[in-house]
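**Q** mind looking at a prediction? Sequence and model below.
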Amino acid sequence: MPAALASQGQNGGIGPMASTLEVLAHILPARLLKPRVAIVCGSGLSTLASSLRDVVEVPYSSLEGFGKSTVEGHRSALAFGLLGEGNGIPVVAMLGRFHPYEGHSLSTVVYPIRVLARLGVRDIIITNAAGALNPSLDVGTIVSIQDHLAIPNLAGFNPLLGPARPNYPRFLPLSTAYSRPLRRLVFLAAHTLGLPRAALAEGTYAWVSGPSYETPAEGRFLRAAGADVVGMSTVPEVLAAREEGLNVAVLSLVTNKVVIPEYSSVREEVEAELAGKSIQRAKDAEVSHEEVLSVGKQKAEVMKTLVAKLIELIVSEQP
Ligand SMILES: O=P(O)(O)O[C@@H]1C[C@H](O)[C@@H](CO)O1
Ligand SMILES: Nc1nc2[nH]cnc2c(=O)[nH]1
């Protein structure tokens, strides 16, 4: 294993880092070993890595410290490859992530991010599937995340909990967690690609633990608290990435609208029925993971093109 990687593996003593890095150094050719940019593929979005060439896939099962992604729509491998012509830009994609609701500890959830940082990644593009809380967001819209609302973090479920570690900030600031320069490039990339204005929005992501979807009251609560979309991932990864000093961009694909009907009174319905009157009420609707995956599949191509253009712009601004 290259000496530089070996010494990084001991930094902080987080998980079996030295072993993970050693396996990667053994498997990967030199041109892929030091990725410049990382992508985390959200539910149904593993095809984001199909813009890469010369790909080497490393299954999570061969990397100590990695869990197994058990959610449909998430594969379990790192894909290393090159993006673009010529020498290409070395990129690594996480095909599948870990969620706390699968039973993974928060340190397992963020371990891959720490590995990517040690491989030399400087910018990370994290994608996810999310439900829209903001009624102006349509299914299929991509939302460039500018901030988050993480009740689990506020309530003591935070991947950075634990003893202070040398070379890491004890109190991580998050006011600039979502890199403004990267967010600028997201909108420039969309413009360069000629995407319609409505295809890309900006907003705040609410992190919930899942695996149950929100009740209507929870949806109203999160919306009233200022969130535009809601999902079950991403925030722990953002915290670890920021702690590791990476620049972070997050793209959420709206896969469903979180139904936030006004309180509908059954008493009024019964009274209307008894009085022989008809009453209009919102139709009940339920979200499903199948629906989430199906929208992911339909929109993966747009997301893939946007991510690829974003990476090109990142590297042309900061080679
Ligand atoms: O991994 P992401 O955040 O893309 O997946 C979302 C949140 C849940 O894991 C799942 C719910 O359908 O999709
Ligand atoms: N929590 C949550 N996560 C999602 N992921 C995709 N859609 C949703 C949703 O409606 N709620």
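**A** That came through, no problem. All of these numbers come straight from a predicted model, not from anything done at the bench. Numbering: from 1, shown residues only. Ligands and ions are numbered 1, 2, ... in the order given.
**Q** the longest helix anywhere in the chain and ligand 2, any residue contact?
**A** Ranked by residue count and defined by DSSP state H, the top helix of the chain is helix 289-317. Yes. Against ligand 2, helix 289-317 shows contacts by Cβ under 6 Å from any ligand atom at residue 292. The way it works is simple: take the backbone N, C-alpha and C, and place the C-beta from them, glycine included.
**Q** list the buried residues for that helix?
**A** Of the residues in helix 289-317, those buried by neighbour count under the rule 16 or more other Cβ atoms under 10 Å are 289, 292-293, 295-296, 299-300, 302-315.
**Q** so how far is that helix from its chain's centroid?
**A** Remark: helix 289-317 is offset 12 Å from the chain centroid, using Cα atoms, centre = their mean, to the nearest Å.
**Q** same deal with stretch 17-25?
**A** 24 Å.
**Q** sorry, back to before: near ligand 1, from the buried residues of helix 289-317?
**A** When those are filtered against ligand 1 using Cβ under 6 Å from any ligand atom, the residues retained are 289, 292.
**Q** that older thread, for the record, mean pLDDT for the longest helix of the chain?
**A** Averaging pLDDT along helix 289-317 yields 93.
**Q** any idea which residue of the protein is furthest from its center?
**A** Most distant from the centre of the chain: residue 275, at 51.5 Å, with distances by Cα atoms, centre = their mean.
**Q** before we move on, back to that, just name whatever secondary elements the longest helix of the chain is in contact with.
**A** strand 37-41, strand 77-83, strand 89-95, strand 123-132, strand 142-150, helix 180-192, strand 247-257 (3 or more Cβ pairs under 8 Å, 6 or more residues apart in numbering; DSSP states H and E).
**Q** what mean pLDDT does the shortest one have?
**A** Okay, so that is strand 37-41. Within the predicted structure, the mean pLDDT of strand 37-41 is 96.
**Q** equivalent analysis for the longest one, please.
**A** Computed over helix 180-192, the mean pLDDT rounds to 98.
**Q** contact partners for whichever residue of the stretch 201-319 of the chain sits closest to ligand 1?
**A** Residue nearest to ligand 1 within the stretch 201-319 of the chain (Cβ to the nearest ligand atom): residue 233, separated by 3.3 Å. For residue 233, the set of contacting residues under the criterion of Cβ atoms under 8 Å, 6 or more residues apart in numbering consists of 42, 97, 99, 128, 207.
**Q** just the buried ones from those residues?
**A** Burial by neighbour count, 16+ other Cβ under 10 Å: within those this picks out 42, 97, 99, 128, 207.
**Q** could you check how far the first one is from ligand 1?
**A** Computed as Cβ to the nearest ligand atom, to the nearest Å, the residue 42 to ligand 1 distance reads 3 Å.
**Q** nearest spatial neighbour of that residue, skipping sequence neighbours?
**A** Beyond its immediate neighbours in the sequence, the residue positioned closest to residue 42 (Cβ to Cβ, 6 or more residues apart in numbering) is residue 128, lying 3.7 Å away.
**Q** between the helices and strands packed on helix 289-317, which gets nearest to residue 202?
**A** The closest of those to residue 202 is strand 142-150. By Cβ to Cβ, the value is 5.2 Å.
**Q** ok so, going back, ok, of the contacts of residue 233, which one's closest to ligand 2?
**A** Proximity to ligand 2 was ranked across the contacts of residue 233 by Cβ to the nearest ligand atom; first place goes to residue 128, at 7.2 Å.
**Q** stretch 254-261: which residues count as buried?
**A** Buried residues in stretch 254-261, counted by 16+ other Cβ under 10 Å: 254, 255, 256, 257, 258, 259, 260.
**Q** contacting residues for the first one?
**A** Applying Cβ under 8 Å, 6+ apart, one finds that residue 254 lies in contact with 130, 131, 132, 137, 138, 139, 140, 141, 142, 143, 229, 295.
**Q** tell me what it is bridged to.
**A** Counting by DSSP bridges, residue 254 forms beta bridges with residue 130.
**Q** below-threshold pLDDT in the chain: ranges please.
**A** Confidence mapping of the chain against pLDDT under 70 gives the ranges 1-15, 262-263, 281-283.
**Q** contacts for stretch 50-60?
**A** Against stretch 50-60 from outside (Cβ under 8 Å, 6+ apart): 23-24, 27-29, 31-32, 49, 66-69, 76-83, 88, 91, 93, 95-96, 304-305, 307-308.
**Q** which of the buried residues of stretch 254-261 sit farthest apart?
**A** Comparing the members of the buried residues of stretch 254-261, the greatest separation, given Cβ to Cβ, is between 255 and 260, at 16.1 Å.
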